[in-house]
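K.L.:
Predicted model and sequence below, questions to follow.
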Amino acid sequence: MVGNVTSLPSFIATPATRAAEAGAGPAAELKSERVRPDAVRVDARVDARLEYQGDVLASREDVAAAKGALDLFIAAARQVRGLLLEARDLALRAAEPETPDAARVAQDVPFRALVQELTKLVDSAIGRGGALLTGASVPVAADPDSAQDLEVAGLDLRIKARAGEDDAIRLTTASTISTIDGAQAAARAADESIARIDAGLRRIESGTARLDGHDRLLSALDNALAAHVRTDFDADAARLIALQVKQELSRASSPIASAAPSSVLALFRE
């Protein structure tokens, strides 16, 4: 006959028996194992911050890639501009009425060489990922709070058989300075090409500056999230960081500022 069991070996003891041995009843043990609602809310906020921190990191990587594309465009455009200046000088000399025809024909050789060098330069940059030099737009997922990407518009720097309305290069593959009329047309085309490149460079350089500022904002947000992904997040610290983010958003000259993403600030609420 089995007698009353007053205790069980520790390796088979249940939470209830351990609680009984400690002087507490089963109800007390069950109560101690309950998850507090406020702890669940804290865990949810931590998870949300971690997830959003990943989104911010992805945006920073996209911004960095876009800045690389803009830098490639700027470097290539400046080289193209230099070649166009040389081509324009040759065309202007050939366009002078007193220039002998034989001299124009001779000057057309280095002119054509400059056109070919320009073509190779642009093609090489495009081959290295310079899609902006084809006039294509580069999407930038700069705002982790928005499903819509930003777009950086490029400028087509390719020499073509016929220049399109939006193309920067007004010289064509048929441009020549071997005649006075051809030289005058080439000089005008080179001048207009330089003006279009200058305008494109100003726009792209301005875009680079804005992306730099936007990256600083994302960096500040990333640091704030990294510093506060913890369960002991203080309510006063939450209010302070929310205020700081709001102030940065109001000052920043970037698309994220106009959105004033409430979901970002919600991550720092009590």
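P.N.:
Arrived safely. Numbering: from 1, shown residues only.
K.L.:
drop to CA atoms for contacts and neighbour counts, all remaining ones
P.N.:
Noted.
K.L.:
need the next SSE after the longest helix belonging to the chain, C-terminal direction.
P.N.:
Counting by DSSP state H, the longest helix found in the chain is helix 37-95. Per DSSP states H and E, the first helix or strand lying C-terminal to helix 37-95 is helix 101-127.
K.L.:
Which neighbouring elements make contact with that next one?
P.N.:
Applying 3 or more C-alpha pairs under 8 Å, 6 or more residues apart in numbering; DSSP states H and E, we find helix 101-127 packed against helix 37-95.
K.L.:
which strands and helices sit next to the helix it packs on?
P.N.:
So helix 37-95, by 3+ C-alpha pairs under 8 Å, 6+ apart, packs with helix 101-127, strand 137-140, helix 180-228.
K.L.:
Confidence-wise, which of the ones you listed is weakest overall?
P.N.:
In terms of average pLDDT, strand 137-140 trails the rest of the helices and strands packed on helix 37-95, at a mean of 83.
K.L.:
mind listing what the next helix or strand after that strand pairs with, with the direction of each?
P.N.:
Going down the chain from strand 137-140, the next helix or strand is strand 150-153, by DSSP H and E. When pairs are called by DSSP bridges, strand 150-153 turns out to pair with strand 137-140 (antiparallel).
K.L.:
picking that back up, for the longest helix of the chain, give the mean pLDDT please.
P.N.:
For helix 37-95, the mean confidence score works out to 81.
K.L.:
That helix vs helix 180-228, what angle?
P.N.:
160 degrees (axes from the mean of the first three to the mean of the last three C-alpha atoms, to 10 degrees).
K.L.:
could you dump the helices and strands packed on helix 37-95 to a markdown table with distance to residue 171 and mean neighbour count?
P.N.:
Formatted as a markdown table, those follow (distance: least, C-alpha to C-alpha, whole Å; neighbours: other C-alpha atoms under 10 Å):
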| stretch | distance to residue 171 | mean neighbour count |
| --- | --- | --- |
| helix 101-127 | 8 | 17 |
| strand 137-140 | 23 | 18 |
| helix 180-228 | 5 | 19 |
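K.L.:
For residue 134, give me phi and psi.
P.N.:
Here is the backbone geometry of residue 134 (degrees, to the nearest 10): phi -100, psi 0.
K.L.:
And for it, nearest residue in space, chain neighbours not counted?
P.N.:
Excluding the flanking residues, the one nearest residue 134 by C-alpha to C-alpha, 6 or more residues apart in numbering is residue 156, at 4.3 Å.
K.L.:
was I right about the one you found contacting residue 165?
P.N.:
No - the criterion here is C-alpha atoms under 8 Å, and residue 156 misses it with residue 165 at 10.5 Å.
K.L.:
Between the two, which has more neighbouring residues?
P.N.:
residue 156 (20 against 8; other C-alpha atoms under 10 Å).
K.L.:
can you give me phi and psi for that one?
P.N.:
phi -70, psi 120.
K.L.:
Might you report the residue contacts of it?
P.N.:
By C-alpha atoms under 8 Å, 6 or more residues apart in numbering, residue 156 lies in contact with 132, 133, 134, 135, 136, 166, 167, 168, 169.
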